[in-house]
Structures are given as structure tokens and as C-alpha cells.
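K.L.:
sequence? don't have it. structure:
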């Protein structure tokens, strides 16, 4: 099925379920993730990489997932694309894109949906590009696999337009990946991701291994094409400063769980979860030269998570209740939620 066919089919399926994708409702989420659980099965037991995550994404919104390495951010990205491979397995959850649960689609329907409706800019452009294929063939490959039929000249024009869209010269089309700098390779990955004008772009640490100047250029490119496409972006990373400049809303991940979720200004000015507070406090500051504040302890093993709140062994405010009772995400402000017993205790004391 060609991309020209799969999009109308997808739209008709949405409409049968009562969802009109022709006119976005600004209040209705474009993407809804509910109770997502992903385990990697090993001889020692299941590694709970993602453990009951819930969030949504509105049309045109930039949402970032932040946390330490191993917190489950990249696993979420692969899950949304249905790219989890054994020994990994999506145990449960719904991922609604325009009201349709992509977890119920066949492999062929999902293959056609990738790039056309939801695209991934994977981590590390060096590993994403084929080293023995020219750039033009790698961009055209995605178009052709979705049934886009063009003459050689039309394909050259389309590839050239995409490269110019991300700030590269048309001549880059005839180059091999090894002839490009790291920033240029990342822009090529962005060009591939936007080639079919997807509605959701997932960027998994798109600036890793790049210097700060190139990081800014790549993020400005991503912001510009996102605004041109009126697409939504899920940005994954651990650079809190980068998230503060790019995101509208931030989700804080810890040990496979979403512990706080809110507008970027609220998260940075008034973080409610102790982990969020320590994460932001660990950022370097010009006012505290030479003073670095880390988070005590180490993240838990995802093979053997502690009972109750997963953060309580490292939390400076832990109570007896934290060791036995798992907190749930609760509203703490407008479009802002956090999972911490301290918030409940404070609300009860206030009331």
C-alpha cells in the first residue's frame, strides 16, 4: 500500500471511531500514551524498562522526556514506533495516534505509518546512515518504500528541496556519510524524518556527541522544520538546559516511571518531585563556580526495583510510607502533575 493510500485509510479508520483528523481540535491530544509497560526478558528475570507510563502530546507541542541514563526514555521512543525487538516486549498499554491505537495495527500498516505519520530521529547519526550509500539514495529510499513514484529528475528535485529545508546545500545529495561533519549528518537524519511530512517527530538525543555550537544549530533546524510542518515533537535527552530552551512541556523519568510532568517554566521554577529538584540543582551555575551538587546514591537495578516509591532510597525527604506505598501521579497545578507522597501530605495538612 502506497503512502498516498495509507493516509486516507488511516483517516477513515479514525472517522469510523468518531475522530476527525481533517481539523485538529487544539484541546484534544494528538498522541495519547496510557499504561505503557515494556520489559526485557533475561535469565535473571524481566528488566522493567518502562513501567506504567502515561502522557499525551497536543498538536504543535514540543514535549521532552528527561532523566538519567537507563531511565527508559529511548525505550519509550522505540515503543511508540513499535520497534522493540526480542528479548524486549511491550507488555501492555495503548498508544493512540489521532484516536487509533497503533498497538493493534498489523506490521504492514505500522510500516506504512512510520515516516508518514510518526517519524524517529534516532540517537547517533553516525550509526543511522548507511556508510556505503549516497545521501540522495538514503533519502529517496524512504519515499520509495512508501509507494512514492517519481522520475529521476523529480527525485533529485525532492531530495534537493529536503536538504535545503534543513540548511544543507543540494550538492550534499551526492556525498557519502563519511564526507559530512557530525552536524551535517544529523541534519540529513532530520531531512529523512520529515520527508513525508509526519505529524509526530520523535528526536532521541539528536545532539549527542556534537559540540555546543552545532547543538544549537541542529536544534534551531529542528524547531524551524517542526513549525513549518506544524508537527509535534517528543525530544528525548538528559541535557536540562537544552530542554529549557526547546520544550513547551517536560516529563521527568526515573527508573522506568514518569515522576513529574508539567510546563517547562513550572518544572524549572517550581519542581515538585524531589528527584526533579535534585536534577535541576545539579545543573552548573555561573553564580556557584567550582561547586557541583550531585544526586546521592545510584539508580536502582531495573531487575529488582525497591518496593514503594522507586526513588525513596536516594530521597532526602523519604518517610516510612515511601518504602511501602507506590505514589501515583496527582495534579499539583495547571497541567502539572507529580508522583510523591510529600505532596499528598502537604495537601492534607493544608486542607
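P.N.:
Yes, it's here. None of the values given here were measured: they were computed from a predicted structure.
K.L.:
buried ones in the longest helix anywhere in the chain, by neighbour count?
P.N.:
Longest helix of the chain, by residue count under DSSP state H: helix 212-229. By neighbour count, with 16 or more other C-beta atoms under 10 Å as the criterion, the buried positions of helix 212-229 are 214-215, 217-219, 221-222, 225-226, 229. Every residue, glycine included, has its C-beta placed from N, CA and C.
K.L.:
partner strands of the helix or strand that comes right after that helix, with direction?
P.N.:
Scanning forward in sequence from helix 212-229 by DSSP states H and E, the next helix or strand is strand 232-237. For strand 232-237, sheet partners with direction are given as strand 62-66 (parallel), strand 200-204 (parallel), following DSSP bridges.
K.L.:
re the thing from before, save the buried residues of helix 212-229 as CSV, and put in distance to residue 80 too.
P.N.:
Shown next, in CSV, are these (distance: C-beta to C-beta, whole Å):
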residue, distance to residue 80
214, 27
215, 24
217, 26
218, 21
219, 21
221, 22
222, 17
225, 19
226, 17
229, 18
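K.L.:
what's the farthest-apart pair in those residues?
P.N.:
When those are compared pair by pair using C-beta to C-beta, the two farthest from each other are 214 and 229, 22.4 Å apart.
K.L.:
local confidence estimate at the residue most central in space within the chain?
P.N.:
Residue closest to the average C-alpha location in the chain (C-alpha atoms, centre = their mean): residue 234, at 3.7 Å. The model reports residue 234 with a pLDDT of 97.
K.L.:
nearest residue to it other than its sequence neighbours?
P.N.:
Residue nearest to residue 234 in three dimensions, not counting chain neighbours: residue 202, with 4.7 Å by C-beta to C-beta, 6 or more residues apart in numbering.
K.L.:
could you list the low-pLDDT ranges of the stretch 51-200 of the chain?
P.N.:
Low-confidence segments of the stretch 51-200 of the chain, defined by pLDDT under 70: 125-126.
K.L.:
so residue 259 versus residue 77, what's the distance?
P.N.:
According to C-beta to C-beta, to the nearest Å, residue 259 stands 18 Å off from residue 77.
K.L.:
the more surrounded of these two?
P.N.:
Under the neighbour definition other C-beta atoms under 10 Å, residue 259 and residue 77 were set side by side, and residue 259 has more, 25 against 21.
K.L.:
what count of nearby residues applies to residue 345?
P.N.:
Residue crowding around residue 345 was assessed by other C-beta under 10 Å; the count is 13.
K.L.:
tell me how many other residues surround residue 164.
P.N.:
With neighbours defined by other C-beta under 10 Å, the count for residue 164 comes to 13.
K.L.:
whoops, residue 130 was the one
P.N.:
Other residues lying near residue 130 total 12 when counted by other C-beta under 10 Å.
K.L.:
next, give phi and psi for it.
P.N.:
Note on residue 130: backbone dihedrals following degrees, to the nearest 10 are phi -70, psi 120.
K.L.:
phi, psi for the residue lying closest to it once chain neighbours are set aside please.
P.N.:
In space, residue 130 comes closest to residue 138 once its chain neighbours are excluded; the distance is 5.9 Å by C-beta to C-beta, 6+ apart. Note on residue 138: backbone dihedrals following degrees, to the nearest 10 are phi -70, psi -40.
K.L.:
can you tell me how far residue 138 sits from residue 215?
P.N.:
Residue 138 sits at a distance of 23 Å from residue 215 (criterion: C-beta to C-beta).
K.L.:
residue contacts, the residue nearest to residue 234?
P.N.:
Residue 202 is in contact with 77, 80-81, 118-121, 233-234, 236, counting by C-beta atoms under 8 Å, 6 or more residues apart in numbering.
K.L.:
out of these, which one sits closest to residue 157?
P.N.:
The shortest distance between residue 157 and any of these, using C-beta to C-beta, involves residue 119 and amounts to 21.2 Å.
K.L.:
counting contacts, what elements does whichever strand or helix holds that closest one pack onto?
P.N.:
Here residue 119 sits within strand 118-121, counting by DSSP H and E. Counting by 3 or more C-beta pairs under 8 Å, 6 or more residues apart in numbering; DSSP states H and E, the packing neighbours recorded for strand 118-121 are helix 182-193, strand 200-204.
K.L.:
quick one: buried residues of the longest one?
P.N.:
Neighbour counts over helix 182-193 (16+ other C-beta under 10 Å) mark 182-193 as buried.
K.L.:
angle of it against helix 212-229?
P.N.:
Calculated by axes from the mean of the first three to the mean of the last three C-alpha atoms, to 10 degrees, helix 182-193 forms an angle of 20 degrees with helix 212-229.
K.L.:
sorry, back to before: can you list the strands paired with strand 232-237 in TSV and add distance to residue 335?
P.N.:
Output for these, formatted as TSV (distance: least, C-beta to C-beta, whole Å):
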stretch	distance to residue 335
strand 62-66	11
strand 200-204	19
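K.L.:
now for those, which one comes closest to residue 113?
P.N.:
Where the strands paired with strand 232-237 are weighed against each other on C-beta to C-beta, the nearest is strand 200-204, at 10.2 Å.
K.L.:
avg pLDDT for stretch 340-351?
P.N.:
If you average the pLDDT values across stretch 340-351, you get 74.
K.L.:
the helices in this structure, which residues?
P.N.:
Using DSSP H, helices in the chain cover 3-16, 73-80, 107-113, 125-128, 135-145, 152-165, 182-193, 212-229, 240-246, 264-269, 274-281, 341-350.
K.L.:
great, nothing more from me.
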